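*Asks:* I'd like to go over a predicted model; first the sequence, then the structure.
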Amino acid sequence: MKVCVTGAAGFLGSHLCDRLLSEGHAVTGIDNYLTGFPKNLAQAKENPNFTLLKHDVEQPMSGEFDLVYHLASPASPPMYQKDPIATARINFLGTLNALELARRSNARFLLASTSETYGDPKVHPQPETYAGNVNQTGPRACYDEGKRIAETLAYDFARQYGLETRVVRIFNTFGPRMHPEDGRVVTSFVYRALRGEDLTVFGDGSQTRSFCYFSDLIEGLVRMMNATSVNGPVNLGNPEEITIAELAQLIVEMTNSGSKLTFKPLPQDDPRQRKPDITKAKAVLGWEPQVTMREGLQRTIETMSAQPEAQLLKIRA
Ligand code: NAD
Ligand code: UDP
């Protein structure tokens, strides 16, 4: 099939391209390298079925595709808060353009949405039926509300034009190719622990997250796209919940690091707890994580410690 992946040079987009190419699809990756890197696509670029286009999804896109996976958006809180208006624009205009692209080819469309649509959740764990608790005037809203309008657009295209659309709500996912300096917690902690630097825990570290390894997540994306009929969004994530202080301790232990924990104030609106209810993913996709958080951490630590320091370039200021 002819497949378009927006956000192809990012952490998840690049792994998705590798997966789709391994299945023999012709893949076109679109990215403007805002938070992604062409080096993530080194393996994909060796495949003659892969085409990479440098393009900003805020501008209309062209091409004929059977499937459109829409992943383009900054995803790390410090990255998406750096230019919040751009983040809101990318998620609104970018999703509109990706949907128009899909509509012109009558392609099936999948949106990479997020657990952030649940905001700082009052229901725990979060099922897809929970409407969420987003502070629409806060510093995370550019992303949270951006993804919420993106979901709205996906279902409006389905209702108004009969487009086949899919929405997955991705919970914290980690693994190789996640940039160690983009601010997200797992790779940031692993990178610092490997260098013997202090791990910075925000707040008292009692807030929780549930971390999924990337290979499971990619499997979930592909299953969701291939599912013949799915009503509404589906959560994808690993329900293994851990506090951030426990995560920091675990990473220090697993890396045999002498790093210490230091504490900084909790950023505004940082969700207190997060854990996916994956009952629906199990039922409609037959999907559940296969890699435990600890195994995923082990693999990430091994990959990052084998990587030459020069490859861990600073993300653009
Ligand atoms: P990432 O930052 O590594 O990748 C995002 C990619 O989108 C980057 O390559 C970036 O350059 C590209 N991009 C951003 N703006 C663009 C634009 N205007 N035009 C073209 N390309 C653009 O992040 P990721 O973790 O791979 O996330 C991928 C998707 O999954 C995002 O939509 C994110 O919101 C969603 N998601 C990820 C997680 C996670 O834990 N990794 C959780 C929830 C949702
Ligand atoms: N966090 C932290 N230290 C860091 C980066 C993040 O304590 O260096 C915390 C952050 O405050 C949040 C959790 O780890 O409570 C997960 O942060 P991340 O940015 O990875 O994801 P998100 O907040 O979007 O779930």
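*Replies:* The structure has been received and is ready for your questions. Residues are numbered from 1 along each chain as shown. Ligands and ions are numbered 1, 2, ... in the order given.
*Asks:* Mind checking what secondary structure Ser188 has?
*Replies:* helix (DSSP: H, G, I helix; E, B strand; the rest coil).
*Asks:* Let me know the distance separating it from Pro180.
*Replies:* As for Ser188, its distance to Pro180 is 6 Å (criterion: C-beta to C-beta, to the nearest Å). Glycine gets a C-beta too; all of them are placed from N, C-alpha and C.
*Asks:* Chain neighbours aside, what residue packs nearest to the residue of the stretch 201-317 of the chain found nearest ligand 2?
*Replies:* Closest contact between the stretch 201-317 of the chain and ligand 2, by C-beta to the nearest ligand atom, is at Phe202 (3.6 Å). Distances taken as C-beta to C-beta, 6 or more residues apart in numbering place Leu266 nearest to Phe202, at 5.0 Å, with adjacent residues excluded.
*Asks:* which element is that neighbour on?
*Replies:* Here Leu266 sits in a region with no helix or strand, counting by DSSP states H and E.
*Asks:* ok, now Met225?
*Replies:* Here Met225 is assigned to helix 214-226, by DSSP H and E.
*Asks:* Identify all contacting residues around the following helix or strand past that helix.
*Replies:* Later in the chain than helix 214-226, the nearest helix or strand by DSSP H and E is strand 234-236. Strand 234-236 has contacts (C-beta atoms under 8 Å, 6 or more residues apart in numbering) with 115, 126-128, 166-171, 212, 217, 220-221, 224, 276-278, 280-281, 284-285, 287.
*Asks:* Also within reach of ligand 1: list those from these.
*Replies:* Among those, the ones lying near ligand 1 by C-beta under 6 Å from any ligand atom are Ile170.
*Asks:* What residues does the stretch 201-317 of the chain have near ligand 2?
*Replies:* Within the stretch 201-317 of the chain, the positions near ligand 2 by C-beta under 6 Å from any ligand atom are 201-202, 207, 209, 244, 267, 270.
*Asks:* Quickly check those residues for the two that are furthest apart.
*Replies:* Arg209 and Pro267 (13.8 Å; C-beta to C-beta).
*Asks:* Give me the more crowded residue out of the two.
*Replies:* Arg209 (23 against 14; other C-beta atoms under 10 Å).
*Asks:* For the helix or strand Gln298 falls within, list the C-alpha coordinates in PDB.
*Replies:* Taking DSSP H and E as the criterion, the element that holds Gln298 is helix 293-306. Provided in PDB are the C-alpha atoms of helix 293-306 (Å, rounded to 0.1, in the frame of the first residue of the first chain):
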ATOM      1  CA  MET A 293       8.600  -1.200  31.700                       C
ATOM      2  CA  ARG A 294      11.700  -2.700  33.300                       C
ATOM      3  CA  GLU A 295      12.600  -4.700  30.100                       C
ATOM      4  CA  GLY A 296      12.000  -1.500  28.100                       C
ATOM      5  CA  LEU A 297      14.200   0.500  30.400                       C
ATOM      6  CA  GLN A 298      17.000  -2.200  30.100                       C
ATOM      7  CA  ARG A 299      16.900  -2.000  26.300                       C
ATOM      8  CA  THR A 300      16.900   1.800  26.300                       C
ATOM      9  CA  ILE A 301      19.800   1.900  28.700                       C
ATOM     10  CA  GLU A 302      21.800  -0.600  26.500                       C
ATOM     11  CA  THR A 303      21.100   1.400  23.400                       C
ATOM     12  CA  MET A 304      21.900   4.800  24.900                       C
ATOM     13  CA  SER A 305      25.100   3.600  26.500                       C
ATOM     14  CA  ALA A 306      26.300   2.100  23.200                       C
END
